[in-house]
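Undergrad: Kindly generate the corresponding structure for this input.
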Amino acid sequence: MGSPSGFLDCSDCASPTISGIQPGSFALSVTAFGPNCSFSDTMLLTVLSFVAPSYQIAPDQGICAGTTVSLGGAPTPGVTYSWSSSPPGFVSDQSNPSVAPIETTAYYLQATNSQCPLPSLDSVLVTVSVPPFFDLGSDTTICQGQSIVLSNSFPESGVTYQWSPSIGLSSPNALDAIASPTQPTNYILTANRMGCQRQESISIEVIPIAIEIQDAGPLQICTGASVPLTALAEPVGTAIIWSPNDGSLDTNTGSNVVATPSVGTTYIAGVTNGGCLQFDTIIIAVDSLPWNLGLTTGDTLICEGEIVQLTSTQYEPNEFTGIQFSWTGEGLLTLDNIPSVVAQPTATTTYFRMASNGECTRIDAVTVTVHNSPTLTTSQDTVLPCGIQSIQLVAQDTESGGSYSWSDGSQIQNPVMELELGSNSFTVVFTDTCGGTISETVNVEVTGGPMVEITSMADTVYQGTKIVLEADSTNASSIVWSNGSTADTAVVSPISLPSATYFAVVTDENGCTAVDTLVLEVLEPVFEIPNAFSPNGDDNNDFFQVVIKGDNIKVASIRIWNRWGQKVFESIGANEGWDGRQDGKESPSDVYIYSISVQIANGTIFYRKGDMTLLR
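TA: Numbers count the residues shown, from 1 in each chain. Okay, the predicted model is just below:
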């Protein structure tokens, strides 16, 4: 008798299986151990040396109630089958019968053949489960941004749930999952109870609608400030309505509005589409400062060591409990976080007070100028050439305010002083706003300059006639006439009528100048034609010609005829006179006819005709 322990699939389990054992008799023993005791038993297993019947059988399985399953497989030749069940009620001699149990059932197979006197025994356990129960309801429509519970049923114990797809679900493994889809979605639920599955679906349509206020705060502004608000809506182009309609918005419709709230306000932007309503909100808090908040103390001047009070305007503190103050500046004698302060600066200081309430800020400034001992600067001592007769003196102190007093009695800061040749001295006394005085003296030395006087041979001259002008100068190193001459004399030919002006400028070694001017009376040139002449060689009236007064007249032509019309003399382009001869012979005393043309300075030509007498 042998031991089949080597053919057991387990040695520490309650129901081991033996396979592959050879024919023979085998003793099997088992011991069960308790907490404080144990129990043993034995059995004799006899394996015959015959071929056991061959068969196919389904594994243990779980099904939903009402589901049909097959218990076996293809028949084996020479093998007979006998099926039974527990609970009883099922019998079959087929190799692969089908069953549809409504409760958990054990099916037993007894297979026999003609070789082995003992049948082969086997079983199939079919566990029957009730299908999961749930109700998904009807397909529905929601607004974008809304959520919906996909099932109104309670989850069952022992049932697992799985939703697909899982996008937009609060939990893909919960029967009562909450769906928040952003687009139309068909959700499929698979429920499983011990292998018994049920699958249903529900479609959720989504009406597109959304609105968002950009950069939606909350915001904090100061009274009177404006805030641009922008909202974006879906679908694009959907009308946007803003509230409240209290006049603080420039418009209550559109994507862009401007809010100017006087108090804290919640603004709402809403859109509608297909019966859906969506809105977004923004809170704008409003802070304020008193309208008249400021400083009553203006820029001020104090003497060294003085104390100054910088005073705030009055306001009602109970209406503005959140105001905070902050002063900056040297020499504060009080706290720097109160409305009004006292200061004692040692130098000129600008004090700044910042008042704030939330987002509202106001900065006021006041400058306190500290009078220190002044310094006084004046014009430098100087030497003035050219006999200058006046000068503006300049005095400058290091502070604003105060008064000036000059030695000549002037009370202005920068007076114009009269000068004399030689030494001049001027003293100024400055009295500052705190009563202190300081003085300075300015010395001015004035030297003389050159002189010049123009003289001429005559005060009257005919137009175009040359005349010599002479300059008599002293202390001059150079001279320049108005006609460009640099000599002591200038030769001029006056042309302009009725007078001509000439001047001479002299300069000394210091660059000082003097000028003198001379005005000449200019007469228009004249001409005369004599009525007789006597060519007797006594150098007195020996020629007949045009008598000209001035140098700016030209004789264009002279023609002379005797009484019989014979031309006895002709001169072109010159004032050549007739000496009373014709062809070298003396003409007799008689009356002769003349024709003369004369051109004056402006180009005009005068024609003269007449008679004259030749006397011998």
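Undergrad: Which residues in stretch 194-209 does the neighbour count mark as buried?
TA: Buried residues in stretch 194-209, counted by 16 or more other CB atoms under 10 Å: 194, 196-197, 202, 204, 206-209. C-beta: built from backbone N, CA, C; applies to glycine.
Undergrad: cool, stretch 591-607 as well?
TA: By neighbour count, with 16+ other CB under 10 Å as the criterion, the buried positions of stretch 591-607 are 592-594, 596-598, 600-601.
Undergrad: Among the residues you listed, find the lowest-pLDDT one for me.
TA: Lowest pLDDT within these is found at Ala601 (68).
Undergrad: what residue ranges in the stretch 1-150 of the chain score low on pLDDT?
TA: Residues of the stretch 1-150 of the chain that meet the criterion pLDDT under 70 lie in 1-6.
Undergrad: and if you look at the chain?
TA: Within the chain, the ranges that satisfy pLDDT under 70 run 1-6, 216-217, 399-400, 601-602.
Undergrad: in it, which residue is closest to the centre?
TA: Pro228 (17.4 Å; CA atoms, centre = their mean).
Undergrad: Asn256 is in contact with that one, correct?
TA: Yes - shown here, Pro228 and Asn256 form a contact pair, counting by CB atoms under 8 Å, at 6.6 Å.
Undergrad: hang on, the earlier thing: could you pull up the residues touching the residue nearest to the centre of the chain?
TA: Shown in contact with Pro228 (CB atoms under 8 Å, 6 or more residues apart in numbering): 256-259.
Undergrad: wait, which of these is closest to Trp291?
TA: Ala259 (20.9 Å; CB to CB).
Undergrad: hang on, isn't that closest one packed against Thr230?
TA: No - judged on CB under 8 Å, Ala259 makes no contact with Thr230 at a distance of 11.2 Å.
Undergrad: Neighbour count: the two, which is higher?
TA: Neighbours around Ala259 and Thr230, counted as other CB atoms under 10 Å, are more numerous at Ala259. The numbers are 19 against 15.
Undergrad: how near is that one to Ile240?
TA: Ala259 sits 14 Å away from Ile240, going by CB to CB, to the nearest Å.
Undergrad: Could you count how many residues lie near the residue lying closest to Asn510 once chain neighbours are set aside?
TA: In space, and not counting its chain neighbours, Asn510 is closest to Pro385: 4.1 Å by CB to CB, 6 or more residues apart in numbering. For Pro385, the neighbour count with other CB under 10 Å is 15.
Undergrad: repeat for the one 5 residues further on
TA: Using other CB under 10 Å, Ser390 has 9 other residues around it.
Undergrad: Likewise for Arg616?
TA: Neighbours around Arg616, by other CB under 10 Å: 11.
Undergrad: mind listing what Glu440 touches?
TA: Applying CB under 8 Å, 6+ apart, the residues contacting Glu440 are 376-378, 395, 427-428.
Undergrad: For it, list each beta-bridge partner.
TA: Here Glu440 shows beta-bridge partners Val428, assigned using DSSP bridges.
Undergrad: cool, the one 4 residues further on as well?
TA: On DSSP bridges, the residues paired with Val444 through beta bridges are Thr382, Asn424.
Undergrad: Same check on Lys609?
TA: Beta-bridge pairing for Lys609 (DSSP bridges): Ser595.
Undergrad: Isn't it up against Ser597?
TA: No - assessed by CB under 8 Å, Lys609 is found out of contact with Ser597, at 10.0 Å.
Undergrad: What are the phi and psi values at Pro317?
TA: phi -60, psi -30 (degrees, to the nearest 10).
Undergrad: Out of the buried residues of stretch 194-209, which is nearest to Ser405?
TA: Proximity of the buried residues of stretch 194-209 to Ser405 (CB to CB) peaks at Ile209, which lies at 87.7 Å.
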